[in-house]
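> Quick one, fold the following:
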Amino acid sequence: MSEASIQYSKVLRWVLDECEIPWIPPATLRNTRVNWLLRRSGDESQTAEMGQHAVKTLQDRYERPSQHLAATEITNFWNANDPIKRQNLKNSLIASQCDATPEATPDKPLSVAEPDCVIPSGCLWCRHLRDVDSFDYVWSLVSFRYLKSLESADVVSKEKFPSDLVIDRVTEKVRWFQDSSEERASWVEEAQSRIEEGDFHPNWAGLIEFLEDL
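Model (predicted):
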């Protein structure tokens, strides 16, 4: 690089810093381009050739984890290996999906209801529960958690009441949605706003209204 180019680069970086604009060096752009090509083609050999380096160099110095690619591969894996096929899925009690064959998970607390396709709490510890990637499901979960908070509000106990365990379980699911992507985080935010406004999911609105009037 010539002296003039070096000086130009320094001046450009100074101007960008003054304007609070991030400096993106050519190496970063090259890395981004190589990873874009890799995601689009799925072919390491072709990408390495277009980047003019060896496959090992691509793997060691350029390739970065892709959340989008990982999510796609996980989805494809479970679609191929899930014992419950999509055509056998039905709507569960909590706006998720299942195959209507209740079976408890090993970590189900003794005090929580057994999965029986009758008591909603049992669904949360059922092997056949399949969460749904949608706002409606998140709204249902947050509404159901509010319902359980009403049930446990008048219970005084040193040990956790079953409703408390259900609340913890739902909170884990809601936290996953919140932390997994910006879109899902917006679902959680909107669902929580609706709860604060008294706008509950239809699955639980009647029960919540009944308990609040007691």
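> model confidence over stretch 127-141, on average?
Average pLDDT, stretch 127-141: 95.
> what about it, distance to the chain center?
11 Å (CA atoms, centre = their mean, to the nearest Å).
> Can you tell me what sits against that stretch?
For stretch 127-141, the surrounding residues in contact (CB atoms under 8 Å, 6 or more residues apart in numbering) are 84, 89, 92, 94-105, 115, 123, 170, 173-174, 177, 184, 187-188, 190-191, 194, 201, 203-204. In short, each C-beta sits where N, CA and C put it, glycine included.
> Separate out the buried members of those.
84, 89, 92, 94-99, 102, 115, 123, 170, 173-174, 177, 184, 187-188, 191, 201, 203-204 (16 or more other CB atoms under 10 Å).
> Among these, which are located in helices?
Under the assignment DSSP state H, these contribute 123, 170, 173-174, 177, 184, 187-188, 191, 203-204 to helices.
> need the helices for this protein, in chain order.
Under DSSP H, the chain gives helices at 3-18, 26-41, 44-50, 55-57, 67-81, 120-123, 135-152, 162-180, 182-196, 202-212.
> For residue 111, find the nearest of these.
With CB to CB as the measure, helix 162-180 is the member of those nearest residue 111 (4.8 Å).
> counting contacts, what elements does the closest one pack onto?
helix 135-152, helix 182-196 (3 or more CB pairs under 8 Å, 6 or more residues apart in numbering; DSSP states H and E).
> Single out the most deeply packed of these.
helix 135-152 (a mean of 21; mean count of other CB atoms under 10 Å).
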